[in-house]
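> all I have is the shape, not the residue letters:
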């Protein structure tokens, strides 16, 4: 009888969870913001990743499938995922460039979990491996490291590495444009406004932040006026910025005066009053 080779297993049957998991500051904030739903979604994603290895590729239907599995609204799924990426619980750069969910922490735990079996059958890792060569165990054979160690001058290999590097750089540039800072005082006020807005209306994505920055610049060119607009929106807990009432009120009054001048009442002759005479009459009536 011929023994058949067992199929190669890339994922894990189980993965370690630190005993102080709930003491981690990022997890505490996740729980404070999204309650049990946030924790469940994070652990759900970890299970999906470790089941197949050390990363997971996602597509446009990803959020809806999770929503169905966990009986959670798609908006809630998107909010939690945005938070996980913003706090580096998943690598945001790799997610933006390749739609891949993973992190350096996930990969550290993965290589420890596969240590015994990988000593006999080394695991091949590719362009989604985030750990540096010094952090990677010998039984993880990463193609990126092999290119450097063997000093391979093959152009195709270089192009592959360069394409990933270029992709990551472009992703970083795209992320940076959403975080162009204002002058220090205005930026502090703007960040305070964002915190209040998130508290009132939920998680805000980078594209919305950029839109708010552009909106503020379009409403006023003067920094003092911009600062007043931001502070007013923060105090009012508004979702958007609005032009200063002082100037807009002045313009409205000018429009009102213009309308009155052109109305039918402008045909009547205006009466002039002697203010001193009026005041003396009021005094006489008060003495009676």
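Cool, got the structure. Computed from a prediction, not measured in an experiment: that's the story for all the values here.

> and the longest helix belonging to the chain, what does it pack against?
Longest among the helix segments of the chain by residue count, using DSSP state H, is helix 25-52. Helix 25-52 sits against strand 56-57, helix 62-70, helix 74-86, helix 104-113, with contacts defined as 3 or more Cβ pairs under 8 Å, 6 or more residues apart in numbering; DSSP states H and E. (C-beta placed from N, C-alpha, C; glycine too.)

> who does the first one pair up with?
Meaning strand 56-57. If you go by DSSP bridges, strand 56-57 pairs up with strand 100-101 (antiparallel).

> tell me the mean pLDDT over the strand it pairs with?
If you average the pLDDT over strand 100-101, you get 96.

> rewinding a little: show me which residues of the longest helix of the chain are buried.
27, 30, 33-34, 37-39, 41-42, 45-46, 48-50 (16 or more other Cβ atoms under 10 Å).

> tell me what angle that helix forms with helix 104-113.
Orientation of helix 25-52 against helix 104-113 (axes from the mean of the first three to the mean of the last three Cα atoms, to 10 degrees) gives an angle of 50 degrees.

> what's the average pLDDT for helix 25-52?
95.

> list the contacts for residue 42?
In this structure, residue 42 makes contact with 27, 30, 80, 84, 89, judged by Cβ atoms under 8 Å, 6 or more residues apart in numbering.

> roughly how far does it sit from residue 239?
Noted for residue 42: a distance of 28 Å to residue 239, by Cβ to Cβ, to the nearest Å.

> same thing with residue 39?
Using Cβ to Cβ, residue 39 is found at 28 Å from residue 239.

> so the longest helix of the chain versus helix 74-86, what angle?
Using the same axes, to 10 degrees: helix 25-52 against helix 74-86 is 100 degrees.

> returning to that earlier point: and the buried residues of helix 25-52, which two are furthest apart?
33 and 50 (24.4 Å; Cβ to Cβ).

> contacting residues around the closest residue in space to residue 74 that isn't next to it in sequence?
Nearest-residue entry for residue 74: residue 67, 4.6 Å, with adjacent residues in sequence omitted and distances by Cβ to Cβ, 6 or more residues apart in numbering. Counting by Cβ under 8 Å, 6+ apart, residue 67 makes contact with 73-74, 76-77.

> ok, now residue 21?
With Cβ under 8 Å, 6+ apart, residue 21 has these contacts: residue 27.

> thought residue 145 was touching residue 138?
No. The pair residue 145 / residue 138 is not scored as a contact, 10.5 Å apart, by Cβ atoms under 8 Å.

> ok, these two, which is more surrounded?
Between residue 145 and residue 138, counted using other Cβ atoms under 10 Å, residue 145 has the larger neighbour count: 16 against 8.

> now do the longest helix of the chain against helix 62-70, angle only.
Helix 25-52 and helix 62-70 meet at an angle of 90 degrees, taking the same axes, to 10 degrees as the criterion.

> follow-up on the earlier one: now, among the contacts of residue 42, which is nearest to residue 101?
Distances from residue 101 to the contacts of residue 42, taken by Cβ to Cβ, are shortest for residue 84, at 8.7 Å.

> and for the closest residue to the closest one other than its chain neighbours, the neighbour number?
What sits nearest to residue 84 in space, not counting adjacent residues and going by Cβ to Cβ, 6+ apart, is residue 90, at 5.2 Å. Neighbourhood size, residue 90 [other Cβ under 10 Å]: 23.

> just checking, residue 90 touches residue 103?
Yes. Judged on Cβ under 8 Å, residue 90 makes contact with residue 103 at a distance of 5.2 Å.

> no further questions, thank you.
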